[in-house]
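The following block contains a protein sequence and its predicted model.
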Amino acid sequence: MNNITQKFELHYYLKDNLHAMNAFVRNKAEKDFLEAVKRIGELLDSELNIETEAYQEGGVIEYLTFSGVVVVGALKYLAPALNDIITHYATRDTQAETLDKKIKEATLQNLELDNQQKTLEIEEQIEKKLNDKLVQKYISNFYKKIDAYEKVEKIGYRSLENNEDEYIVERKDFKNFILHDDTTISEDEDAMIEIISPVLKEGKYNWRGRYKNEKIDFSMADSKFKQEVIEGKHKFSNGSLINCHLEIKVTFDEFGDEKGRSYRVLQVFGTQELELGELKLREAGKKRKYQKWLEEHQGSLFDDMEDVK
């Protein structure tokens, strides 16, 4: 086992050379920063202890001391680069290339590698560790809270181990670290949904059904159909289906992974009592059927007119 003890400086530069910062903003933001550091410790196979010293003026400067034990394992070689890894995540868009080089050098010089292939394998593992999604999320939350606090003009990060240079992130660059969800919307204009649980009374309640062999909860945006159901004009039993225009909204997190999805029926064209039963079209369904017929036969109608000429 190897011991880790390193000191780190977190420096908030404030407008008008102020030396006071809102305690709630700072504490909430730094909770995310410390969660990022804790996660980095896990990546190093280490449980880090974090202590803070009384912060000083010059904006607001906070000193953090990291200590812990690195378990002898495949990633213990990253331990000497702890402060550089923290700085890498907090300044990745401004200093990424320089820090990546430092981290690799600090790591490789602590290993005895007997061939180029092993060196490349270690560098590949380092790259994977420097792209950890959870650390990026915590750093994003940190910058999101600080970005909302207008007094902070920039933030400096510095390792105090070798009196190293300070890495600065300007306010204009805070947004580069803030991750955002992404939403895509698709539509199925001829969806068949087996009804498991309809809503038989007024209110914003979700229906439950089966769509493409998956159970889904969905909202009913067809107000006329909702009213017809409340009035008892449609009966649902085991195996009942609706033919409808379905909207599917999928939310992806900041890393492109699916976070959730929601379903909304925009219009109901018809109902079907059994899977192999007759589809009873509503007025909207009849209009759609006629429109489809027109589109399919429009070309041949024009061809017939040309033949007459």
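Looks like it arrived, so ask away. Just so we're clear, the structure is a prediction, and the values are computed from it rather than from any experiment.

Let's see the distance spanning stretch 42-60 from one end to the other.
28 Å (C-alpha to C-alpha, to the nearest Å).

what packs against the helix or strand containing Phe24?
In the assignment (DSSP states H and E), Phe24 maps to helix 23-43. Packed against helix 23-43 by the contact rule (3 or more C-beta pairs under 8 Å, 6 or more residues apart in numbering; DSSP states H and E) you find strand 2-14, strand 49-56, strand 60-70, helix 82-90, helix 133-147. For the C-beta atoms, the positions are set from N, CA and C on the backbone; glycine is no exception.

Go again with 7 Å.
Contacts defined by 3 or more C-beta pairs under 7 Å, 6 or more residues apart in numbering; DSSP states H and E place helix 23-43 against helix 82-90, helix 133-147.

Let me see the mean pLDDT of the first one.
Model confidence over helix 82-90 averages 87 on the pLDDT scale.

got the contact list for that helix?
The contact list for helix 82-90 (C-beta atoms under 7 Å, 6 or more residues apart in numbering) reads 4, 6, 8, 36-37, 40, 44, 66, 78, 96, 99, 102-103, 106, 130, 135-136, 139, 157, 159, 161, 167, 169.

Check the longest one too.
For helix 133-147, the external contacting residues (C-beta under 7 Å, 6+ apart) are 25, 28-29, 32-33, 35-36, 39-40, 89-90, 152, 155, 174-175, 177-179, 254-255.

before we move on, what about stretch 161-172?
For stretch 161-172, the external contacting residues (C-beta under 7 Å, 6+ apart) are 6-7, 11, 83, 87, 90-91, 94-95, 152-158.

now with 6 Å?
6, 87, 91, 94-95, 153-158 (C-beta atoms under 6 Å, 6 or more residues apart in numbering).

ok, and the most crowded of those?
Ile155 (25 neighbours; other C-beta atoms under 10 Å).

and it, what does it touch?
Counted by C-beta under 6 Å, 6+ apart, Ile155 has contacts 12, 169.

cool, Ala284 as well?
267, 269.

Now do the same for it: helix, strand or coil?
helix (DSSP: H, G, I helix; E, B strand; the rest coil).

pLDDT value on it, please?
Confidence for Ala284, expressed as pLDDT, is 90.

Equivalent analysis for the one 4 residues further on, please.
The per-residue pLDDT reported for Arg288 equals 90.

Run a quick neighbour tally on the residue nearest to it when sequence neighbours are not counted.
Closest residue to Arg288 apart from its sequence neighbours, by C-beta to C-beta, 6 or more residues apart in numbering: Phe269 at 5.7 Å. As a burial measure, Phe269 scores 24 neighbours (other C-beta under 10 Å).

what's the burial count for the closest residue in space to Asn17 that isn't next to it in sequence?
Leaving out its chain neighbours, the residue that sits closest to Asn17 by C-beta to C-beta, 6+ apart is Gly59, at 7.8 Å. Counted by other C-beta under 10 Å, the residues lying close to Gly59 total 22.

Which positions are bridged to Gln267 in the beta structure?
With DSSP bridges as the criterion, Gln267 is bridged to His245.

how much space is there between it and Glu121?
Separation of Gln267 from Glu121 (C-beta to C-beta, to the nearest Å): 57 Å.

Kind regards, and thank you for your time.
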